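J.: My questions concern the predicted model and sequence given below.
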Number of protein chains: 2
Amino acid sequence: MSDLPYQSAHDRVYRGLRQQVMHGELAPGHALTLRGIGKSFGVSMTPAREAVRRLTAEGALSMSASGRVTTPELNRDRIEELASIRALLEPELASRALRRAHLALIDRMEVINETNARAVYRQEPIEYIRTNLEFHRTLYLRAQSPAMLGLLETVWLQLGPTMRALYTRLRRTTAPPHHRMILEALRAGDDAALRLALRMDVTQGLRHLQG
Amino acid sequence: MSDLPYQSAHDRVYRGLRQQVMHGELAPGHALTLRGIGKSFGVSMTPAREAVRRLTAEGALSMSASGRVTTPELNRDRIEELASIRALLEPELASRALRRAHLALIDRMEVINETNARAVYRQEPIEYIRTNLEFHRTLYLRAQSPAMLGLLETVWLQLGPTMRALYTRLRRTTAPPHHRMILEALRAGDDAALRLALRMDVTQGLRHLQG
DNA sequence: CATGCTTGAGTGTGATCACAAATTCCTCAC
DNA sequence: GTGAGGAATTTGTGATCACACTCAAGCATG
């Protein structure tokens, strides 16, 4: 008997799709079908439909009036709104994590940040997005605020395909400059500096997008 | 042919359940069954299941390991966290709505507030919750920030059953005191006062809960 | 050559069913 | 009266199916 946590078919499909969307593996506007999803996960339409409904509710996918499922194509206003939500939630989460952030955590974030920098150098957008989110999530998990982190993750989900499009478009060659600021503020225990660093980190990536 | 907006079976069930939860029509811990939901909405299990999955993802319902569906029973920590999320989002939404809040809007809010006060006087918790949320939503709709309002509504959803329990328990007899402050700040165009009024309004209801 | 229509494949929706797991309820022993 | 054990009912899960609708290609018509 296996000790692996059992997960239902619906859950496997949900998690799989969710990761693909959040990590930017799917371009904006990418079309999906229930039968196709079912086939690729080895399940019938029923669990595929449930996973899609759930992801649609979270804004990770969008449905046309006829029920066709695609990855969302966000307009400029929506992107800016989502960015400002990040700018609201992430400094708060970081601040809550600050008092609990001991050295081992900061070291782990440092390692993740190096992997992230490597992904930038190698021009691997998916890996870049993945490690960038992991850098942030590692910190926020310490905030002990599951509801707030949950909300933030749905924001990340909605931005997934757009981030992929942005990062493949502008082919950046330098690592996120504010990660160092975040790490230093954490080491110094400086709440104000930490909040500022996060607001800047969150805002800067989306600053040079054209309408 | 009818011009009424067609809504799928899944959508009718989702909206119906969502309203019941958000307005506090269901006590915390209330159990639901897919077949029961289906019967009460006149549909089969399939759309009922999709609606439940979606509401579960939004935190409006919780599922046991065996798949049993109940209304969530929040502990004190979770309630406080959700309240602090409200305290973060609602002043921001109000502030964004401020510049667009013309007199007709404030008058509408005034009317809603009177209905709300009547519900307090008559000791009708569901009607109280409903009109209270309507008061806030009427304002926030003017913020033109659909994503942020969407996040906030999932927070309201999660708090629905708890609010019902709180308001039936403490049988309040006075209308929410800060609604007047909100209206006055709107009339004065005073951003700082508006933000403060909202933070207080959001926090006060949940202040005297015992662990 | 352009335009409108038809046809066909493809797609989402909702109902139903078989099955396994869980829960409930009753019975019986102590 | 009380608790344990087992049977019967209830419940969620996932597969399958019929159906209606959508969309695009191809044809015929102007």
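T.: Received it, and whenever you're ready, just let me know what you need.

J.: And the pLDDT for the spatially closest residue to A:Asp201 that is not a sequence neighbour?
T.: Leaving aside its sequence neighbours, A:Asp201 sits nearest to A:His178 (Cβ to Cβ, 6 or more residues apart in numbering or on different chains; 3.7 Å). The way it works is simple: take the backbone N, C-alpha and C, and place the C-beta from them, glycine included. A:His178 is assigned 94 on the pLDDT scale.

J.: can you tell me if the longest helix belonging to chain A touches chain B.
T.: Scanning chain A for the longest helix, with DSSP state H as the assignment, gives helix A:146-170. Yes - Helix A:146-170 is in contact with chain B by Cβ under 8 Å from any Cβ of the partner chain, via A:146-148, A:150-151, A:154-155, A:158.

J.: Of those, just say which sits nearest to B:Ile112.
T.: A:Leu151 (26.4 Å; Cβ to Cβ).

J.: what ranges do the strands span in chain A?
T.: A:31-32, A:62-63, A:69-70 (DSSP state E).

J.: just checking, what packs against the first one?
T.: The reference is to strand A:31-32. Judged by 3 or more Cβ pairs under 8 Å, 6 or more residues apart in numbering or on different chains; DSSP states H and E, the packing partners of strand A:31-32 are strand A:69-70.

J.: what about the residue nearest to A:Asp201, how many neighbours?
T.: By other Cβ atoms under 10 Å in any protein chain shown, 19 other residues sit near A:His178.

J.: Now do the contacts for it.
T.: Applying Cβ atoms under 8 Å, 6 or more residues apart in numbering or on different chains to A:His178 gives the contacts A:197-198, A:200-201, A:204.

J.: what's around the closest residue to DNA strand C within chain A, how many residues?
T.: Closest approach between chain A and DNA strand C, counting by Cβ to the nearest atom of the strand: A:Gly67, at 2.6 Å. Residues contacting A:Gly67 under the criterion other Cβ under 10 Å number 10.

J.: Could you check how far it is from A:Arg49?
T.: Per Cβ to Cβ, to the nearest Å, A:Gly67 is found 10 Å from A:Arg49.

J.: Contacts only, for the residue most central in space within chain A.
T.: Centroid-nearest residue in chain A: A:Trp156, 3.8 Å away (criterion: Cα atoms, centre = their mean). By Cβ under 8 Å, 6+ apart, A:Trp156 lies in contact with A:22, A:133.

J.: let's go with 6 Å and repeat that
T.: Contacts here follow Cβ atoms under 6 Å, 6 or more residues apart in numbering or on different chains; on that basis A:Trp156 touches A:Met22.

J.: Also the one 4 residues further on?
T.: Residues near A:Gly160 by Cβ under 6 Å, 6+ apart: A:21-22, A:24.

J.: circling back to that earlier point, look up phi and psi at the residue of chain A closest to DNA strand C.
T.: phi 90, psi 0 (degrees, to the nearest 10).

J.: Next, the angle helix B:146-170 makes with the helix or strand of chain A with the lowest mean pLDDT.
T.: When each helix and strand of chain A is scored by mean pLDDT, DSSP states H and E, helix A:146-170 comes last, with a mean of 93. Between the axes of helix A:146-170 and helix B:146-170, defined by axes from the mean of the first three to the mean of the last three Cα atoms, to 10 degrees, the angle is 180 degrees.

J.: Only the buried residues of helix A:146-170, if you could.
T.: Using 16 or more other Cβ atoms under 10 Å in any protein chain shown as the test for burial, helix A:146-170 gives A:147-167.

J.: any idea how far the residue nearest to A:Val69 when sequence neighbours are not counted is from B:Arg86?
T.: Among residues not flanking A:Val69 along the chain, A:Leu32 sits closest, at 4.7 Å (Cβ to Cβ, 6+ apart). Using Cβ to Cβ, we find A:Leu32 at a distance of 34 Å from B:Arg86.

J.: still on that earlier bit, tell me the confidence at the residue of chain A closest to DNA strand C?
T.: 91.

J.: Ok, A:Gly205 next?
T.: In the prediction, the pLDDT value recorded for A:Gly205 is 73.

J.: Show me where chain A dips below the pLDDT cut-off.
T.: A:1-5, A:207-211 (pLDDT under 70).

J.: can you list the residues of it near chain B?
T.: Listed as neighbours of chain B in chain A under the rule Cβ under 6 Å from any Cβ of the partner chain: A:50, A:53-54, A:57, A:81-82, A:85, A:145, A:147-148, A:151.
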